[in-house]
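In: build me a model:
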Amino acid sequence: MMRIGLQFDTRSAPDAETILADFERAEAEGFDTVWIGQIFAHDILTLFAMAGGRTRRIELGTSVIPLPTRHVVTLAQQALTTQLATSGRLCLGVGAGHAMILDKKLGLPGDRPLARTRETLEVLRPLLRGEYVKHAGEFEQVRVDTPIPGTSPPDVILAALGPKMIELAGELTEGVTLVFAGPDFIRDHVTARLPEGKRIVASVPVMLTEEAAAMSDLMDEYTAPSMALPPYQRTMAAQGFDRASQLAIVGDETAVVEGLERLEASGATDLNPIMVAGDADPACADRTRAFLAARARAQRGDS
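Out: As a prediction, the model looks like this:
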C-alpha cells in the first residue's frame, strides 16, 4: 500500500494560525503525511513542533532540509525536540542541497556532495540516538551528545537521484525522497539499489481534471524554476522527458488511479504530490486533494 501524503507550500499563508489549521484539516481529511520543503520562508521543524500539539496521528515530513545549511548538532537538537513535540511523528528528510543555490544564495560550499553528506549522516545518526559522538573528520568536528529525554530517533530519509547517493541512502538512512522521478525511473534506477524495506517517497505532479492540456501547461510553468537545476535535468533526461507534465499523473479518476497504481507497482511507498490550480480549472487542486484524501482513508479502512 502506497501511503498518500499532502505537500504544503506555506509561503502564501498570512499567519501561523492559518498554517496550523491546515495541518488539522489534513489530518481530519485522512492524509497519511504532510510534506514541506525547506526553502527561505518558514522554518519547517518549528512549524512541525507547533503542529504537534494540534494533531494526533498524521506524520510530518521534511522534504527536504539541506544539510549544509545547519550545523549537524543544531539539526539533531531541532529534530529531537520536534520529535518530542510531535510524539514521534517526524520523518526527517535531508539532502545535499543544490550547489548553485548553496553558493549563490548562501555562500556555502556545494562541492563534493556525496562525501559531505556521508560524513554528516555518520555524525547525525548517532546524535539522534542519544549517543556521545567524538568525530574529527574532513567536514565535521564534534565532541558532544544531544540528550533529550522522552523521545526516540526519527526516521531519516535522503534526497537522492544519482546512483551513489541512492546507495548511500540505503546504507545510512531509512530510504529516499525523489523529485520528478516517475515509475520507470524508480523501477530502473532506485529499487535495485536499495535494500528491501526501505522507504521510497515519490514527488510527482498529480492533477484530477478534465482540462489536462491546459493544466499540464500550468504545471510546466509552476515547475520551471526547478527544471533549471542540473540534478532534475539529469533525472528528466534519464526518463526521456524535459517537462514535468510529461511524468504527471493527470486526467479523470480512471487515469489518476491508473497512474497511482503504476507508481506503487514501481516500488514507491509514499506519494508526495505536486498540485496546481489555475484559470483553466480553478478547482483542480482542491478536487485532487479531496480525491487523494479519500484514497488514503480507504486504504487504511477509515470510514
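In: so which elements touch whichever helix or strand residue 94 is part of?
Out: Using DSSP states H and E, residue 94 sits in strand 90-95. Applying 3 or more Cβ pairs under 8 Å, 6 or more residues apart in numbering; DSSP states H and E, one finds that strand 90-95 contacts strand 59-62, strand 65-66, helix 72-85, helix 113-128, strand 155-159. C-beta: built from backbone N, CA, C; applies to glycine.
In: in a markdown table, list these along with mean neighbour count.
Out: Listed next are these as a markdown table, based on neighbours: other Cβ atoms under 10 Å:
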| stretch | mean neighbour count |
| --- | --- |
| strand 59-62 | 26 |
| strand 65-66 | 21 |
| helix 72-85 | 21 |
| helix 113-128 | 20 |
| strand 155-159 | 23 |
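In: dump the ones you listed to JSON lines, plus mean pLDDT and distance to residue 14.
Out: Listed next are the helices and strands packed on strand 90-95 as JSON lines, based on pLDDT from 0 to 100; distance: least, Cβ to Cβ, whole Å:
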{"stretch": "strand 59-62", "mean pLDDT": "98", "distance to residue 14": "21"}
{"stretch": "strand 65-66", "mean pLDDT": "95", "distance to residue 14": "24"}
{"stretch": "helix 72-85", "mean pLDDT": "97", "distance to residue 14": "24"}
{"stretch": "helix 113-128", "mean pLDDT": "96", "distance to residue 14": "34"}
{"stretch": "strand 155-159", "mean pLDDT": "98", "distance to residue 14": "30"}
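In: sorry, back to before: could you give the mean pLDDT of the strand holding residue 94?
Out: Average pLDDT, strand 90-95: 98.
In: need the contact list for residue 211.
Out: The contact partners of residue 211, by Cβ atoms under 8 Å, 6 or more residues apart in numbering, come to 280, 281, 284.
In: columns distance to residue 16 on top of those residues, output as TSV?
Out: Putting the contacts of residue 211 into TSV (distance: Cβ to Cβ, whole Å) gives the following:
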residue	distance to residue 16
280	32
281	30
284	27
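In: by neighbours, which of the residues you listed wins?
Out: When neighbours are taken as other Cβ atoms under 10 Å, the top entry among the contacts of residue 211 is residue 284 (24 neighbours).
In: on the pLDDT front, check that residue for me.
Out: With respect to pLDDT, residue 284 scores 96.
In: likewise for the one 5 residues further on?
Out: Per-residue confidence for residue 289 comes out at a pLDDT of 97.
In: make 28 the starting number, not 1.
Out: Understood, numbering begins at 28; the last thing we discussed is residue 316.
In: what lies in contact with the helix or strand harbouring it?
Out: Element membership for residue 316 (DSSP H and E) is helix 311-327. Identification of contacts with helix 311-327 by Cβ under 8 Å, 6+ apart yields 28, 30-31, 33, 53, 56-59, 233-236, 238, 242, 280, 283, 287, 298, 300, 302-305, 330.
In: inside helices: which ones of these?
Out: Members of the contacts of helix 311-327 lying in helices (criterion: DSSP state H): 53, 56, 242, 280, 283, 287.
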